[in-house]
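# Any chance you can model this:
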Amino acid sequence: MHMGQQLEITGVWDTHPKYGQQFKVTSYSVVLPATVDGIRGYLRSGVIKGIGKKMANRLVKHFGDQTLNIIEKHTENS
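Residues are numbered from 1 along each chain as shown. A predicted model of the protein is given here:
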């Protein structure tokens, strides 16, 4: 998990004999941010190799709330 990422978690509460009540995760998925500020923070976190703070700012300034969609659909895998 990276800074700026959000997770949707499913699980059950369990009681451990030594540590007490704990949440036992059965599944999770990454929830991508939808706001411009959220996308900027997500990209600035370093989650995508080669995109740092300055590049994240430029991408979001240019593509706005569509930035992640554009990265996903228009990035070539080499």
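
# where do the strands sit along the protein?
Secondary structure of the chain (DSSP state E): strands at 6-16, 20-31.

# Look up how far Gln5 lies from Ile70.
19 Å (CB to CB, to the nearest Å). Quick note: C-beta positions are derived from backbone N, CA and C, even for glycine.

# With mean pLDDT added, can I get the strands of the chain in a markdown table?
Shown next, in a markdown table, are these (pLDDT from 0 to 100):
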| stretch | mean pLDDT |
| --- | --- |
| strand 6-16 | 95 |
| strand 20-31 | 95 |
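
# List the residues that contact Pro33.
4, 6, 39, 41-42, 68 (CB atoms under 8 Å, 6 or more residues apart in numbering).

# where in the protein is pLDDT low?
Across the chain, the ranges flagged by pLDDT under 70 are 2-4, 76-78.

# biggest helix in it, by residue count?
helix 53-63 (DSSP state H).

# And that one, what does it pack against?
Contacts defined by 3 or more CB pairs under 8 Å, 6 or more residues apart in numbering; DSSP states H and E place helix 53-63 against helix 36-44, helix 67-74.
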